[in-house]
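Asker: Provide a 3D model corresponding to the input given below.
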Amino acid sequence: MNETHRGLTLQLADFRAPRDPAADCDVLIVFLTKNLRSAEDFPAFQRTIANISGEGRTIIVTQDADMSGIFVDAKFIAWPRDARIVPDRVIHELVNDIVRLGPRRPHPYPSFQVEPAMLKKLAEFPLSTRTATNLRQQNIFYVGDLVQHTEAEILRIPNFGRKSLKEVKAMLADLNLRLGMDLIDWPPADFERFELQFETARKVALLEQSHGGATFEPTDDHFTMIVEKDQDDLTAALKPMTRQMQSALREKALAFAGLAARLDNQPGWTGIVRSASTLADLLDRPPEDIPDILGFLYPTALELGSFVELDEQLSAGSASYAAPLDPEMRRPLRDLVRSFAPWLRAFPSIRDADDEASRFLVKIAELKPVTDVVQSARAHDLLAERDLHLFEQLKAASARGSFQGEKAAGRAKRSASNLVIGVAAFAGSIFTGAVASDYSTTSPLIHKVGQFLVHTEVAISALIADLPADLQFAIADFVKEIGDNTQLPPSGRPLEPIGSQGISTDRSRIRRRD
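Answerer: Numbering: from 1, shown residues only. A predicted model of the protein is given here:
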């Protein structure tokens, strides 16, 4: 197929992958000549490419590097010379790159027939009062309203000068948009529903996690616990007394771990050696690195404290299969906890966390939603093993003791809530277009997050039941919207990108349409 507009040529090549149901995809290679965007009938080119590509995969080959922000659904290749004379080897490399990705997977978030950026209100952007007022008087309220106007049309608005035009163009450039775009079906027929979806996602994207629990952020293909080094914590870590106590505490932890080896298989005391060994490992680092692992030290402190409380309950005659500690075991455990607790609270961020935990006590019976959410996060590979271990520590500590156990349960619940908030905010930012569209379709984390939210809807609703009503509504409504609109891959289908498929390098397999 060839189309010529004012001397500019669009050529289309089609590659059809092997008819394997798991890997079937059409690769459409579009060659665009330089300066195509300046043609008067450029919108016709856009529509032609959109109609041709359909559900397949498209490669755009052109000298105009700025087109990457226009053909957002295509794989974009900037070719330094005339796009019509690209060598065969380059064509085959492009095809291989596309086929290697396999068929396009269902997007894990609600289907959106409108580019999310078009639904953004101009009132949300830092435009000058004069510019914003002039646009509003012309009934231009949304980005979608604005981009359809050309520069000439904008300049014809009364009192709208070059300075305002420059301001508007800079704002659109930040969104990879421009004036003079030809939008199909704007505004959409179901505009109010789209706007409501967008507003819900935007609110969720702005949610902040609570300081009463561990906080999480997306890193590569997992969510990881955030470690924020506080300057006051660093100052505390470098004090001579704190440094000396760190070394002494490590020795106490190692000594107790050796003594407690025989306890580990006794009812009620499983995990006590691991807890002491974890403490020794965490303390085995330079003092200036201690602020980096305070988030792991605090759960360990709660866990060790819960063993002391368990011993006190058993010694007081509490009915249990477990036996109280012998005096030779009780003394080193209490000595370790008595030394560790005040040393740890020398760090300001730990004092804040402990104060918050003391105000947010939770019974072990209230932890089922936490367990369900964490199990789902494990099943969907959302958390690294080290962070999953943190939840296991807190859950184990909550099953023992009273005050320390309830503090551990409270922190576990706050941490799980923070994970849900972090995941929902991440999903909301993708949905509203705050993250690059390439990332939203290729990152394994995106698809894991979508499946996690859909499969965990009931547990999430139970977990967030004690959050403020507005937060509950925003999260629950967004998760439900995803569940109602998402096509999930069949069970057993891998979440990772599908492996490469073998293809023929025979040039005859690539044919140009005339």
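Asker: before we move on, what SS does the residue nearest to Ala280 when sequence neighbours are not counted have?
Answerer: In this structure, Ala280 finds its nearest non-sequential neighbour in Ala253, 4.0 Å apart by CB to CB, 6 or more residues apart in numbering. Placement of C-beta: from N, CA and C, glycine included. Classification of Ala253 by DSSP: H, G, I helix; E, B strand; the rest coil places it in helix.
Asker: Help me confirm that Ala253 comes into contact with Val337.
Answerer: No - with contact defined as CB atoms under 8 Å, Ala253 does not reach Val337; the gap is 10.5 Å.
Asker: and Lys368, how far is that from Glu167?
Answerer: In this view, Lys368 and Glu167 are 53 Å apart by CB to CB, to the nearest Å.
Asker: likewise Ala465?
Answerer: Applying CB to CB, the value for Ala465 to Glu167 is 45 Å.
Asker: Give me the more crowded residue out of those two.
Answerer: Ranked by neighbour count (other CB atoms under 10 Å), Ala465 and Glu167 place Glu167 first, with 18 against 10.
Asker: What is the longest helix of this protein by residue count?
Answerer: Taking DSSP state H as the criterion, the chain has its longest helix at helix 403-431.
Asker: returning to what we had before: quick one: which of Ala253 and Val337 has more around it?
Answerer: Neighbours were counted for Ala253 and for Val337 using other CB under 10 Å; Ala253 has more, 26 against 19.
Asker: you'd agree Phe223 is in a strand?
Answerer: Yes - counting by three-state DSSP, Phe223 falls inside a strand.
Asker: dump the residue contacts of it.
Answerer: Counting by CB atoms under 8 Å, 6 or more residues apart in numbering, Phe223 touches 216-217, 377, 382-383, 387, 419, 422-423, 426.
Asker: can you list the residues you listed in a markdown table and add neighbour count and pLDDT?
Answerer: Listed next are the contacts of Phe223 as a markdown table, based on neighbours: other CB atoms under 10 Å; pLDDT from 0 to 100:
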| residue | neighbour count | pLDDT |
| --- | --- | --- |
| Phe216 | 25 | 76 |
| Glu217 | 13 | 79 |
| Ala377 | 24 | 88 |
| Leu382 | 27 | 87 |
| Leu383 | 20 | 87 |
| Asp387 | 21 | 85 |
| Leu419 | 28 | 87 |
| Gly422 | 21 | 82 |
| Val423 | 28 | 83 |
| Phe426 | 21 | 80 |
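Asker: quick one: which two of the residues you listed are the most distant?
Answerer: Asp387 and Phe426 (15.5 Å; CB to CB).
Asker: Excluding covalently adjacent residues, which one is nearest to Ala427?
Answerer: With CB to CB, 6+ apart, the residue lying closest to Ala427 is Val449, at 5.4 Å.
Asker: Please look at the one you found and Ala425 and confirm they touch.
Answerer: No - contact criterion CB under 8 Å: Val449 and Ala425 do not qualify, at 10.5 Å.
Asker: Any stretches of the stretch 401-514 of the chain with poor pLDDT?
Answerer: Scanning the stretch 401-514 of the chain for pLDDT under 70 picks out the ranges 401-402, 430-443, 468-474, 477, 481-514.
Asker: repeat that for 50
Answerer: Residue ranges of the stretch 401-514 of the chain with pLDDT under 50: 434-441, 486-514.
Asker: What are the boundaries of the helices in the stretch 101-250 of the chain?
Answerer: Remark: helices assigned in the stretch 101-250 of the chain by DSSP state H, counting those that start in this stretch are 129-137, 143-147, 151-155, 162-174, 191-205, 231-237, 240-259.
Asker: What of the stretch 251-400 of the chain?
Answerer: 272-283, 294-315, 327-344, 348-359, 368-379, 385-398.
Asker: do you know which of these lies nearest Arg156?
Answerer: From these, taking CB to CB, the stretch that ends up closest is helix 368-379, at 54.9 Å.
Asker: residues of the closest one that come out buried?
Answerer: 369-370, 372-374, 376-377 (16 or more other CB atoms under 10 Å).
Asker: pLDDT weak spots in the protein?
Answerer: 1-25, 52-56, 68-69, 72, 83, 101-113, 434-441, 486-514.
Asker: Domain parsing of it, as residue ranges.
Answerer: By the record's domain assignment, the chain is partitioned as 2-103, 116-189, 231-485 (automatic domain parsing).
Asker: So what's the residue count around Leu325?
Answerer: With neighbours defined by other CB under 10 Å, the count for Leu325 comes to 24.
Asker: Quick one: residues contacting the nearest residue to it once chain neighbours are set aside.
Answerer: Excluding its sequence neighbours, the residue lying closest to Leu325 (CB to CB, 6+ apart) is Asp311, at 4.9 Å. Residues near Asp311 by CB under 8 Å, 6+ apart: 324-325, 330, 333.
Asker: Now with 10 Å, please.
Answerer: Counting by CB atoms under 10 Å, 6 or more residues apart in numbering, Asp311 touches 268-269, 322-325, 329-330, 333-334, 400-401.
Asker: Would you check how far apart it and Gln137 are?
Answerer: 75 Å.
Asker: any idea how far Lys120 is from Met181?
Answerer: Lys120 is 14 Å from Met181, by CB to CB.
Asker: Apologies, that question was intended for Gly268.
Answerer: 68 Å.
Asker: and what of Arg162?
Answerer: In this structure, Arg162 and Met181 are 21 Å apart, going by CB to CB.
Asker: Run through the residues that contact the nearest residue to His149 once chain neighbours are set aside.
Answerer: In this structure, His149 finds its nearest non-sequential neighbour in Leu179, 6.0 Å apart by CB to CB, 6+ apart. Shown in contact with Leu179 (CB under 10 Å, 6+ apart): 146-154, 165, 168-169, 172.
Asker: and which of those is nearest Val454?
Answerer: Nearest to Val454 among the contacts of Leu179, with distances taken as CB to CB, is Val147, at 32.8 Å.
Asker: burial of the residue lying closest to the closest one once chain neighbours are set aside, as a residue count?
Answerer: Nearest non-adjacent residue to Val147, counting by CB to CB, 6+ apart: Met181, 4.3 Å away. Close neighbours of Met181, defined as other CB under 10 Å, add up to 20.
Asker: cool, Arg386 as well?
Answerer: Per other CB under 10 Å, the neighbour tally for Arg386 reads 10.
Asker: Tell me the spacing between Leu367 and Gln404.
Answerer: 15 Å.
Asker: for Glu153, same thing?
Answerer: From Glu153 over to Gln404 (counting by CB to CB), the distance is 68 Å.
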